[in-house]
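Novice: Need a 3D model of the following:
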Amino acid sequence: MLLRAFTDLGLTREQNEDSLLVCHLQQVMQISAQNKLDTTANVKPPLLACIADGMGGHAGGEVASRLVCNVFGEAYAPLSKASTPENAELAIRKTVTRCLDEMEKQQSTDSALIGMGTTIVGFFSAPCANIIFHSGDSRAYGLHGKYLRSLTRDHNEQNK
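Specialist: Sure thing, here's the model as predicted:
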């Protein structure tokens with residue numbers, strides 16, 4: 001599987017609050033907003049890739065996105081051992097819950113981070129399952145021929 005990973009500031013923000021995580025058997029690559037990564041790698045499952053887009057304008061968006069990628073990075077080893085799709089999905093759900101718990105803990109110890117937030121979109125591929133997960137308005141797309149098709153629907157007020 002060929003993987004290309006990168007993050008970009010975009011046109012409207014002065015600061016990039018994205019964090020990116022790619023884990024596979026050979027290595028773990030993690031970057032936060034201050035680093036640039038544009039890499040192409042051949043990877044073999046199990047593969048975990050996620051992008052956390054710190055919510056600009058909210059306190060600690062960069063902290064939240066980095067925290068989410070850290071938690072998912074720690075979860076890679078046990079997740080890669082999942083033997084059924086149900087076990088993999090449960091492990092991802094537990095990891096998301098742990099992310100929320102860790103953000104609450106950070107906010108309780110640092111009042112400057114109250115209201116911090118991030119979106120997340122990710123992909124887990126293993127012999128037992130291929131799972132796309134997301135929360136917020138970060139989207140996953142599938143390439144069909146030469147066209148991209150949205151695979152997820154935003155979790156925001158406009159789409160309820």
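
Novice: Can you name the residues that contact the most centrally placed residue in the chain?
Specialist: Centroid check for the chain by Cα atoms, centre = their mean gives residue 50 as the closest residue, at 2.9 Å. By Cβ atoms under 8 Å, 6 or more residues apart in numbering, residue 50 lies in contact with 20-21, 68-69, 72, 120-123, 133. No exception for glycine: its C-beta is placed from N, CA and C like everyone else's.

Novice: which of the residues you listed tops the neighbour count?
Specialist: residue 68 (29 neighbours; other Cβ atoms under 10 Å).

Novice: so that one sits in a helix?
Specialist: Yes: the assignment for residue 68, made by DSSP: H, G, I helix; E, B strand; the rest coil, places it in a helix.

Novice: Give me the nearest residue to it, chain neighbours excluded.
Specialist: Closest residue to residue 68 apart from its sequence neighbours, by Cβ to Cβ, 6 or more residues apart in numbering: residue 52 at 4.2 Å.

Novice: What strand or helix carries the one you found?
Specialist: According to DSSP states H and E, residue 52 maps onto strand 47-54.

Novice: quick revisit: make CSV out of the contacts of residue 50 and add pLDDT, distance to residue 103 and secondary structure.
Specialist: Below are the contacts of residue 50 laid out as CSV (pLDDT from 0 to 100; distance: Cβ to Cβ, whole Å; DSSP: H, G, I helix; E, B strand; the rest coil):
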residue, pLDDT, distance to residue 103, secondary structure
20, 83, 18, strand
21, 84, 16, strand
68, 94, 8, helix
69, 91, 13, helix
72, 94, 13, helix
120, 91, 11, strand
121, 92, 17, strand
122, 92, 17, strand
123, 91, 22, strand
133, 93, 17, strand
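
Novice: Please identify the buried residues of the longest helix seen in the chain?
Specialist: With secondary structure taken from DSSP state H, the chain has its longest helix at helix 85-109. Judged by neighbour count (16 or more other Cβ atoms under 10 Å), helix 85-109 contains these buried residues: 87-88, 91-92, 95-96, 99, 103, 106-107.

Novice: which other residues reach it?
Specialist: With Cβ under 8 Å, 6+ apart as the test, helix 85-109 has contacts from 60, 63-64, 67-68, 71-72, 75, 78-79, 82, 113-117, 120, 122, 124, 126, 128-129, 131, 133, 135.

Novice: from these, which ones fall inside strands?
Specialist: Using DSSP state E to define strands, the subset of the contacts of helix 85-109 located there is 120, 122, 124, 126, 129, 131, 133, 135.

Novice: mind putting these in a markdown table, distance to residue 150 included?
Specialist: Below are the ones in strands among the contacts of helix 85-109 laid out as a markdown table (distance: Cβ to Cβ, whole Å):
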| residue | distance to residue 150 |
| --- | --- |
| 120 | 16 |
| 122 | 15 |
| 124 | 19 |
| 126 | 24 |
| 129 | 21 |
| 131 | 17 |
| 133 | 15 |
| 135 | 15 |
